[in-house]
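Asker: Coordinates for the following, if possible.
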Amino acid sequence: MSTPDISRHRLGTRSAWAPQAARRTLAGGWRLEHPRILAALATVALCFAAWATLAPPQLDGSTSYVITTGVSMLPNFHAGDLVMLRAEPSYHVGEVAGYHNAQLGVTVMHRIIAVDGAHYVFKGDNNNFTDTYKPTAAQIVGAEWIHLPGWGNILLTLRTPVVAAVLLGLMWVFVFWPRSGSRRQRKRLRHAH
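Answerer: Numbers count the residues shown, from 1 in each chain. Predicted coordinates:
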């Protein structure tokens, strides 16, 4: 007779202990009752890290994005590649960097081949001439940081109105489409079993 009582007591102890074990204590005595809170905190931290690393200068960041065109940087860079440029305190000969060309009104990404006083001399790897425009350090957008071959073409495709509209529609369906049963209904079903 005492055996069933002990097993019931042990089962009761296990079920009462399980939620306690699932809790995580953070600095300052906070307790996480649900793993979703931890996941949300990790997501927020990841978003802040991505923002600090990938934000463009227009949003007070230090990463610029260039989609390459033409053949001036063959064989290492092809038209449609995406290159991330990072602003640096100084630039040196041999670096691939982008600068704002005031004559053309575009960002040009070529290799630094010389420094002429306060100006930098650029040349495309596939060109047999140097760039006529010689920017200062203040006009350099940044040096090559990450090179993603072909990704520029993907971004250009995503920017077309039809593709953008389809993606926005899919996001709307994913976010706002009614789920099967509310959270309260699912909770009641769980407790009923």
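Asker: Would you state the strands of the chain in chain order?
Answerer: Assigned by DSSP state E, the chain shows strands spanning 24-25, 31-32, 63-67, 82-86, 96-101, 106-116, 119-123, 140-148.
Asker: Spatially central residue for this protein, please.
Answerer: Compute the mean C-alpha point of the chain, and by CA atoms, centre = their mean the closest residue is residue 50, 4.9 Å away.
Asker: Which one, of the strands of the chain, ends up nearest to residue 38?
Answerer: Nearest to residue 38 among the strands of the chain is strand 31-32; the distance by CB to CB comes to 5.5 Å. Every C-beta, even on glycine, is put in place using the N, C-alpha and C of the backbone.
Asker: just the helices in the protein please.
Answerer: For the chain, the helices defined by DSSP state H cover 2-22, 35-54, 151-158, 161-176, 183-192.
Asker: Least reliable of those by average pLDDT, please.
Answerer: Mean pLDDT is lowest for helix 2-22 out of the helices of the chain, coming in at a mean of 45.
Asker: From the chain's centroid, how far away is stretch 125-133?
Answerer: Computed by CA atoms, centre = their mean, to the nearest Å, the chain-centroid distance of stretch 125-133 equals 33 Å.
Asker: Please tabulate the strands of the chain in CSV, including the columns distance to residue 57, mean pLDDT and mean neighbour count.
Answerer: Listed next are these as CSV, based on distance: least, CB to CB, whole Å; pLDDT from 0 to 100; neighbours: other CB atoms under 10 Å:
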stretch, distance to residue 57, mean pLDDT, mean neighbour count
strand 24-25, 39, 52, 11
strand 31-32, 37, 54, 12
strand 63-67, 6, 92, 19
strand 82-86, 10, 95, 20
strand 96-101, 11, 96, 21
strand 106-116, 11, 96, 17
strand 119-123, 19, 97, 19
strand 140-148, 8, 96, 18
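Asker: Take the ones you listed and lay them out in TSV including distance to residue 132.
Answerer: Shown next, in TSV, are the strands of the chain (distance: least, CB to CB, whole Å):
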stretch	distance to residue 132
strand 24-25	62
strand 31-32	61
strand 63-67	20
strand 82-86	21
strand 96-101	9
strand 106-116	11
strand 119-123	10
strand 140-148	16
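Asker: can I see the domain layout of this protein?
Answerer: Per automatic domain parsing, the structural domains of the chain span 2-53, 59-150.
Asker: Spit out the contact partners of residue 158.
Answerer: 164, 167 (CB atoms under 8 Å, 6 or more residues apart in numbering).
Asker: any idea how far it lies from residue 67?
Answerer: Going from residue 158 to residue 67 by CB to CB, to the nearest Å gives 12 Å.
Asker: With residue 120 instead?
Answerer: To residue 67, residue 120 is 22 Å away according to CB to CB.
Asker: go on, residue 172?
Answerer: Relative to residue 67, and taking CB to CB, residue 172 is found at 28 Å.
Asker: same question, residue 170
Answerer: Residue 170 is 24 Å from residue 67, by CB to CB.
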